[in-house]
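> structure of the sequence below:
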Amino acid sequence: AATSLATCFPEPLPGQPREDEWTRSVRQVTAQASEAAEQAAISCRMQANDMVSRAATSSKSKVPCKWFLLGQCRKTVCEFSHDIQDLQPRPLHK
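Residues are numbered from 1 along each chain as shown. The predicted model follows:
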């Protein structure tokens, strides 16, 4: 983010006129927004990893996902089974 900021808003070179108040303000707001976006992305990645690891360790349903069977399941963490083996009929007794 800092690299992009420097590319979009380069510091004035020696001999060039100094920045005006508006440019300094835009640079500061952009830097703050960039930092906030970076922190949000890190937080989002951590939450997604946590959700995936919790889903992997929890017991999965044996009920097949009807959307997966149609090739249309859009859930990252689906509570239904995406295992083809779960399509096989199960015995009625234990």
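
> only C-alpha atoms for contact and neighbour calcs from this point on.
Fine.

> surely His82 meets Trp67?
No. His82 is beyond contact range of Trp67, at 9.3 Å (criterion: Cα atoms under 8 Å).

> which one of those two is surrounded by more residues?
His82 (20 against 13; other Cα atoms under 10 Å).

> which ones are touching that one?
Applying Cα atoms under 8 Å, 6 or more residues apart in numbering, we find His82 in contact with Pro64, Cys65, Phe68, Leu69.

> which SSE is Ser34 in?
In this structure, Ser34 sits in helix 21-57 according to DSSP states H and E.

> which stretches of this protein aren't confidently modelled?
1-3, 5, 55-59, 94 (pLDDT under 70).

> picking that back up, which among the contacts of His82 gets closest to Ser34?
Phe68 (37.3 Å; Cα to Cα).

> where does that closest one land in three-state SS?
helix (DSSP: H, G, I helix; E, B strand; the rest coil).

> can you start the count at 152 instead of 1 from here on
Noted, 152 is the first residue going forward, which turns the last one into Phe219.

> dump the residue contacts of it.
Here Phe219 is in contact with His233 (Cα under 8 Å, 6+ apart).
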